[in-house]
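Visitor: Predicted model and sequence below, questions to follow.
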Amino acid sequence: MIAVDGDTVIADIGHGFNVWVQDENLRLDGIDGFATGTVDGAVVAYALRDRIENQTLHFCRMRNQRPHDRLADR
């Protein structure tokens, strides 16, 4: 999993039965990170990388359509 910025990660998603979607762009619900390419954006991207490195995260798709296709870690 790769943190792109403070509210976006790129991940390989396992759907079970050895079915994977690779390099899926996931937006995190409830987080409004600073823009990529800014100093603040680099700081929050680093902080997110530090939190998720070597971790298994579980994501679910929100039932209601949300702006920017954001997903939530539940």
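Guide: Sure thing, it's come through.
Visitor: Please tell me how far the residue sitting nearest the centre point of the chain sits from E53.
Guide: In the chain, the residue lying closest to the centroid (Cα atoms, centre = their mean) is V9, at 3.1 Å. Going from V9 to E53 by Cβ to Cβ, to the nearest Å gives 11 Å. Yep, even glycine has a C-beta here, placed from its N, CA and C like the rest.
Visitor: do the same with A47
Guide: In terms of Cβ to Cβ, A47 sits 11 Å off from E53.
Visitor: So for these two, which residue has more residues nearby?
Guide: Between A47 and E53, counting by other Cβ atoms under 10 Å, A47 is the more crowded of the two (13 against 10).
Visitor: now for the longest strand along the chain, which elements pack on it?
Guide: When the chain is parsed with DSSP state E, its longest strand is strand 20-28. Strand 20-28 sits against strand 8-14, strand 70-73, with contacts defined as 3 or more Cβ pairs under 8 Å, 6 or more residues apart in numbering; DSSP states H and E.
Visitor: Quickly, which of the ones you listed bottoms out on average pLDDT?
Guide: Note on these: strand 70-73 shows the lowest mean pLDDT, a mean of 53.
Visitor: picking that back up, so what's the residue nearest to the centre of the chain up against?
Guide: 1-3, 25-26, 28, 48, 52 (Cβ atoms under 8 Å, 6 or more residues apart in numbering).
Visitor: Sweet, I'm off.
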